[in-house]
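Asker: All I have is the shape, not the residue letters:
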């Protein structure tokens with residue numbers, strides 16, 4: 001049990017980079033980007049191909065990140081310059097990336113089990129937290145720059161920010177590009193951790209990313225951007241721990257992981273709404289009782305006066 005929990009925490013740290021990417025589009029830009037399922041595989045495929053050809057593992061992460069940037073930029077261009085619906089832009093790019101990823105990899109599966117990876121250069125329990133903290137610091141620094149503030153304002157109200165002379169098309173492209181860069185980086189690290197890259201490794205990544213964001217916000221809150229990004233990282237870890245515990249149930253198999261993910265997301269989405277509704281009903285009932293009590297006191301006072 002302890003071993004599975006430690007493994008879940010390690011995976012949570014790896015997937016947290018992808019969750020941060022999803023947070024940029026889903027929360028900051030309010031952009032439903034499905035490119036994630038394709039760009040995750042792009043990162044893993046680039047890393048696997050380069051490592052299998054003897055390239056430095058750290059260099060493969062940089063190239064994978066750049067590959068994700070390009071994929072995200074194309075999605076952003078389709079939406080802003082091509083005037084294609086945001087959801088459809090992501091779907092089109094996700095479909096295109098399947099063929100592109102197959103071209104990159106050359107075959108559906110590449111094994112790199114015996115190759116040197118980033119995780120073999122140092123203790124993963126030291127290296128992974130350092131990587132996540134560095135990404136968190138850089139991301140929060142960027143979101144507090146003028147460009148980052150424009151990005152956040154674009155997601156809140158793009159019409160307002162355009163009235164101030166800002167180019168919202170550029171900020172959207174940058175945001176979607178940065179998001180998919182982080183997703184591809186996560187894919188590269190996951191491929192190195194698991195020892196292989198598969199053409200279908202990105203299927204369902206958008207749901208996992210959303211689960212991490214929603215769980216993190218529901219449990220840890222999101223008072224500001226810094227708090228929210230930390231909550232997303234913790235949400236990714238909590239998500240992996242929940243999945244690890246669920247898979248220990250006798251009647252659940254490894255093949256049920258997508259179903260488990262869907263159920264977790266549904267619960268995470270429904271629970272806050274249901275709790276708010278219950279609180280509102282209790283508040284309304286309390287106010288009704290107070291008004292009824294006040295009316296009765298007024299009536300009794302009137303009777304005594306009469």
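Answerer: Nice, thanks for sending it over. Since the structure is predicted, the reported quantities are computational estimates derived from the model, not experimental observations. Numbering: from 1, shown residues only.
Asker: How about the secondary structure of residue 280?
Answerer: Of the three states, residue 280 takes helix under DSSP: H, G, I helix; E, B strand; the rest coil.
Asker: so what pLDDT did it get?
Answerer: Per-residue confidence (pLDDT) for residue 280: 85.
Asker: What count of nearby residues applies to it?
Answerer: By other CB atoms under 10 Å, 10 other residues sit near residue 280. Yep, even glycine has a C-beta here, placed from its N, CA and C like the rest.
Asker: again with residue 63
Answerer: 17.
Asker: List the residues that contact it.
Answerer: The contact partners of residue 63, by CB atoms under 8 Å, 6 or more residues apart in numbering, come to 46-47, 50.
Asker: Let's have those in TSV, adding neighbour count and distance to residue 150.
Answerer: What follows is the contacts of residue 63, written out as TSV (neighbours: other CB atoms under 10 Å; distance: CB to CB, whole Å):
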residue	neighbour count	distance to residue 150
46	28	30
47	31	32
50	20	34
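Asker: Wait, residue 214 touches residue 268, no?
Answerer: Yes - look at residue 214 against residue 268 with CB atoms under 8 Å: they come within range, at 4.2 Å.
Asker: least trustworthy helix or strand in the chain by mean pLDDT?
Answerer: Evaluated with mean pLDDT, DSSP states H and E, the helix-and-strand set of the chain has its lowest mean pLDDT in helix 257-305, which scores a mean of 75.
Asker: helices or strands up against it?
Answerer: The contact analysis (3 or more CB pairs under 8 Å, 6 or more residues apart in numbering; DSSP states H and E) places helix 257-305 against helix 205-220, helix 225-246.
Asker: quick one: that helix to helix 225-246, angle?
Answerer: Put simply, helix 257-305 runs at 120 degrees to helix 225-246, going by axes from the mean of the first three to the mean of the last three CA atoms, to 10 degrees.
Asker: Out of the helices and strands packed on helix 257-305, which one sits most buried?
Answerer: With neighbours taken as mean count of other CB atoms under 10 Å, these reach their highest mean count in helix 205-220, at a mean of 23.
Asker: Name the residues that touch that one?
Answerer: 15-16, 18-19, 21-23, 26-27, 33-34, 36-37, 40, 183, 222, 227-228, 230-236, 238-239, 258, 261-262, 264-265, 268-269, 271-272.
Asker: and with 6 Å instead?
Answerer: 18-19, 22-23, 26, 34, 36-37, 40, 231-232, 234-236, 238-239, 261, 264-265, 268, 272 (CB atoms under 6 Å, 6 or more residues apart in numbering).
Asker: Would you report the backbone torsion angles of residue 196?
Answerer: phi -160, psi 160 (degrees, to the nearest 10).
Asker: OK, contacts around it?
Answerer: So residue 196 contacts residue 111 (CB under 6 Å, 6+ apart).
Asker: From residue 205, how far off is it?
Answerer: Separation of residue 196 from residue 205 (CB to CB, to the nearest Å) stands at 16 Å.
Asker: now residue 234: how far from residue 181?
Answerer: In terms of CB to CB, residue 234 sits 22 Å off from residue 181.
Asker: quick one: low-confidence parts of the stretch 1-150 of the chain?
Answerer: Applying pLDDT under 70 to the stretch 1-150 of the chain flags residues 1-3.
Asker: all strands for it, in order.
Answerer: Assigned by DSSP state E, counting those that start in this stretch, the stretch 1-150 of the chain shows strands spanning 109-111.
Asker: so where do the helices sit in it?
Answerer: Under the criterion DSSP state H, counting those that start in this stretch, the stretch 1-150 of the chain contains helices at 2-23, 36-52, 57-80, 86-105, 124-143, 146-156.
Asker: Return the most buried member of those helices.
Answerer: Mean neighbours per residue, mean count of other CB under 10 Å, is largest over those for helix 36-52, with a mean of 28.
Asker: Off-centre distance for that helix?
Answerer: How far helix 36-52 lies from its chain's middle: 18 Å, per CA atoms, centre = their mean, to the nearest Å.
Asker: can you check stretch 104-124 too?
Answerer: Using CA atoms, centre = their mean, the offset of stretch 104-124 from its chain centre is 23 Å.
Asker: Please apply the same query to stretch 163-172.
Answerer: That offset, for stretch 163-172, works out to 24 Å (CA atoms, centre = their mean).
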